[in-house]
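S.K.: model the structure of this input:
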Amino acid sequence: MQQTSPLPWLIRCAATAAALLLACGLATAWIGAALQQPAVTTRDGSLITLNRYVSEPVPDVVLVGSSVTWRLKEEYFSRPHLRNLALAGGSPVTGLAIIAKQPRLPKIVLIETNVLSRAVDEPLVERFSGGERTGAVFLRPVRTAIAALETWSHTPPDAAKARAEREDLLRQPPSAFDNHIYLERAVGEMNAEEPSAQARANTTLIKQLIGEIERRGGRAYLIAVPFSPEIEKTSSVTATRTIAQEAFPDHTAWLTFDEPLPELRWADGVHLDERSALIVARAIEKALAGR
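M.R.: Numbering: from 1, shown residues only. Model prediction:
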């Protein structure tokens with residue numbers, strides 16, 4: 001009886017093992033590269049948000065900013081074609097630069113001016129602006145698969161249920177949470193910060209990027225998300241506001257909206273709580289409708 005050689009079976013096993021090792025190596029390389037990026041790229045859903053932006057149809061309205069604007073969730077707006085590219089811990093200039101480097105632009109870009117003390121995240125801009133290195137292009141299928149898995153695992157809740165929950169939240173009274181410990185800490189930190197040099201550099205970049213966007217047919221507006229009264233009086237906020245207003249003195253460059261301050265609350269004086277963020281989002285949307 002003729003015996004079958006085990007060699008072909010061994011070859012197939014070796015080939016399969018090699019393929020698995022290669023896939024694991026590629027995934028490890030990509031994840032390692034991602035972890036070496038600034039922390040802003042890996043927290044608060046920033047990667048998911050930016051992957052969505054560059055891979056899906058261009059929205060009508062986009063918000064860019066820091067964690068202050070990040071609290072204004074997309075689902076708080078009634079407009080279906082709106083994206084929030086604010087980066088927790090990041091700079092509004094980062095999101096604005098990514099938008100300006102895309103082949104197609106949204107109709108309107110809203111630029112937060114509350115936090116201008118952080119430099120643009122150049123690696124993140126490069127990563128989402130088509131300026132990838134050869135190795136990054138080679139790893140794109142792995143990155144795409146991981147991004148798809150992340151998006152799938154963050155499936156949004158039922159729209160009707162979420163809408164009803166938001167309406168119920170608006171009917172509730174403002175939060176009675178005592179934030180004085182966090183507020184005092186935030187006031188001390190913001191009085192100690194000196195944002196002027198970076199804020200001036202950022203307003204120069206914002207002006208350039210707005211020029212690029214508007215030359216290509218888009219429209220950009222500056223916004224200031226309300227802080228608590230105590231935070232508004234700090235030296236860093238006062239300096240940042242003055243620099244932004246001096247850089248953009250034309251009132252038509254700003255999207256102003258009603259700020260029902262008695263209704264607003266802040267978890268730490270800086271970041272709006274959920275109910276307040278919903279109120280501000282709707283105020284911004286009403287102001288947009290007027291434009």
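S.K.: give me the element the residue positioned nearest the centre of the chain is part of.
M.R.: Nearest to the geometric centre of the chain sits Ala86, at 2.4 Å (C-alpha atoms, centre = their mean). If you go by DSSP states H and E, Ala86 is not part of any helix or strand.
S.K.: so where's the stretch 1-150 of the chain shaky on pLDDT?
M.R.: Low-confidence segments of the stretch 1-150 of the chain (pLDDT under 70): 1-45, 130-150.
S.K.: show me where it has strands.
M.R.: 61-64, 82-84, 108-112 (DSSP state E, counting those that start in this stretch).
S.K.: on contacts alone, who are the packing partners of the last one?
M.R.: Contact partners of strand 108-112 among helices and strands, from 3 or more C-beta pairs under 8 Å, 6 or more residues apart in numbering; DSSP states H and E: strand 61-64, helix 92-100, helix 196-215, strand 219-223. Glycine gets a C-beta too; all of them are placed from N, C-alpha and C.
S.K.: give me that answer again for 6 Å
M.R.: With contacts taken as 3 or more C-beta pairs under 6 Å, 6 or more residues apart in numbering; DSSP states H and E, strand 108-112 sits against strand 61-64, helix 92-100, strand 219-223.
S.K.: looking at these, which is nearest to Ala281?
M.R.: strand 61-64 (9.4 Å; C-beta to C-beta).
S.K.: what ranges does the stretch 51-200 of the chain have for its helices?
M.R.: In the stretch 51-200 of the chain, the helices defined using DSSP state H, counting those that start in this stretch lie at 67-70, 92-100, 122-127, 134-138, 140-153, 159-171, 180-192, 196-215.
S.K.: can you check what angle separates the longest one from strand 219-223?
M.R.: Interaxial angle of helix 196-215 relative to strand 219-223 (axes from the mean of the first three to the mean of the last three C-alpha atoms, to 10 degrees): 150 degrees.
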